[in-house]
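In: Predicted model, plus sequence, below.
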Amino acid sequence: MKKRIVLFCVACVAAMSLLSCGSDSGGQEKKSLMVYTSMKESIIGKVRDEFSQKYPDINFDYYSAGAGKLMAKIAAERQSGRIACDVLWTSEVPDFMQLKAEGVLLPYVSPESGKIVSPLKDPEGYFTPARLGTLGIAYNTNKIKTPPASWQDLLKPEYKNGFAMANPALSGTSLVSLAMLIENLGWDYIEQLKANGAKMGQGSGQVVDDTASGDISACIAVDYITIDKIVKGATLGFAYPQEMLVVPSPIAIMKDTQNEDSAKIFIDFLLSDEGQKIVADAYTLPIKENIPVREDLGLLHPEAATQRAFPFDYQKLIREKEEVIKRFTALMNQR
């Protein structure tokens, strides 16, 4: 009888051990969080490390790819009946507007939202800016001695046959910047660039590399891509015209998430001072004015960038996206 009791106790202990597998030290199941993002490793890797250290009870994972690839992945997952990510974070504002209109996003207004500085906000909280991406003009310092101060400077002789923009069909950021220029300066300005020998390059990173190598003299360039190369010794300068290209990078929770609490905790963390310092350290702009930025590398504070930002109608871009790409490509391919 005693032997049976002992065996029963051992069995109970074993069962308890099995039930506790995958749980934290408090006996609770570990929470999960999957983030789909287009952010580079310099940002998302650091965010992962610090978030996981602060919230060890949340099993954080992410999938990083271009925004177009992420949207295709989400579309396929919607067809299969379940979106695998809990949170989406990219720089493609039109994608978030479309997902909101299609009822795919869960509204969430973070306690940190009231401190956000951005030229674009969704008052209903379906998506929230988590970074201000800016595009300026990268120039080869061996070829261009005076930094451009206005968009009209790119029409000067020193930029003849030496200026490029990334292909808007390959780069969503390039598409938005092109559309901003068209909306504020008109197609006439784009035609003047072409008349001065402007070219259409490949992706956003490639045109910066082409500028650094001297294949071209200057290009429209993403802040953190360019500044990272400058810090590493590239022969590049980076300048903002008075009117700026400012593109918020939104973050949103998917409506059917099974990890709503973890998703909200993550957004709160990313929008906090701690999270925004990671953003600023990666050579781009935070969305909070109190976070120091790399002014020594040419960056502006978010309030100044927002005040200088070109106004822009993202809904118009959604309607006219294909036409903008088609017309620009045809123009740049003219002999």
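Out: Looks like it arrived, so ask away.
In: Spell out, range by range, the strands that occur in the stretch 51-200 of the chain.
Out: Secondary structure of the stretch 51-200 of the chain (DSSP state E, counting those that start in this stretch): strands located at 58-64, 87-89, 105-106, 128-140, 163-165, 199-200.
In: Sorry, slip of the keys, the one I care about is the stretch 201-335 of the chain.
Out: Using DSSP E, counting those that start in this stretch, strands in the stretch 201-335 of the chain cover 218-222, 236-239, 245-254.
In: quick one: which of the ones you listed is nearest residue 139?
Out: Evaluated over the strands of the stretch 201-335 of the chain, closeness to residue 139 peaks at strand 218-222, with 4.1 Å, by C-beta to C-beta. In short, each C-beta sits where N, CA and C put it, glycine included.
In: by contact count, what packs against the closest one?
Out: strand 128-140, strand 163-165, helix 172-185, helix 204-213 (3 or more C-beta pairs under 8 Å, 6 or more residues apart in numbering; DSSP states H and E).
In: Neighbouring strands - and their directions - for that strand?
Out: Using DSSP bridges, strand 218-222 pairs in its sheet with strand 128-140 (antiparallel), strand 163-165 (parallel).
In: Columns mean neighbour count on top of those, output as TSV?
Out: Formatted as TSV, the strands paired with strand 218-222 follow (neighbours: other C-beta atoms under 10 Å):
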stretch	mean neighbour count
strand 128-140	26
strand 163-165	26
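In: okay if I get those strands as a markdown table plus mean pLDDT and distance to residue 288?
Out: Output for the strands paired with strand 218-222, formatted as a markdown table (pLDDT from 0 to 100; distance: least, C-beta to C-beta, whole Å):
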| stretch | mean pLDDT | distance to residue 288 |
| --- | --- | --- |
| strand 128-140 | 96 | 10 |
| strand 163-165 | 96 | 30 |
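In: mind checking how far the nearest residue to residue 252 once chain neighbours are set aside is from residue 192?
Out: Spatially, and ignoring its direct neighbours in sequence, residue 252 is nearest to residue 127 (4.0 Å; C-beta to C-beta, 6 or more residues apart in numbering). Counting by C-beta to C-beta, to the nearest Å, the gap between residue 127 and residue 192 amounts to 35 Å.
In: Which one of the two is surrounded by more residues?
Out: The residue with more neighbours, out of residue 127 and residue 192, is residue 127; 26 against 16, by other C-beta atoms under 10 Å.
In: from what I can see that one touches residue 106, true?
Out: No: Residue 127 sits out of contact with residue 106 when judged by C-beta atoms under 8 Å, with a separation of 10.2 Å.
In: between the two, what contacts are shared?
Out: Jointly contacting residue 127 and residue 106 under the rule C-beta atoms under 8 Å, 6 or more residues apart in numbering are residue 252.
In: Domain map for this structure?
Out: Per the record, the chain has its domains at 31-132+248-299, 134-245+313-333, by the TED database.
In: Export those to a markdown table and append columns for distance to residue 306.
Out: Listed next are the domains of the chain as a markdown table, based on distance: least, C-beta to C-beta, whole Å:
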| stretch | distance to residue 306 |
| --- | --- |
| domain 31-132+248-299 | 5 |
| domain 134-245+313-333 | 9 |
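In: Make CSV out of the strands of the stretch 201-335 of the chain and add mean neighbour count, distance to residue 307 and mean pLDDT.
Out: CSV is the format used below for the strands of the stretch 201-335 of the chain (neighbours: other C-beta atoms under 10 Å; distance: least, C-beta to C-beta, whole Å; pLDDT from 0 to 100):
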stretch, mean neighbour count, distance to residue 307, mean pLDDT
strand 218-222, 28, 20, 96
strand 236-239, 21, 18, 96
strand 245-254, 26, 10, 97
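In: which ones are touching the residue nearest to residue 252?
Out: Residue 127 makes contact with 96, 99, 100, 105, 250, 251, 252, according to C-beta under 8 Å, 6+ apart.
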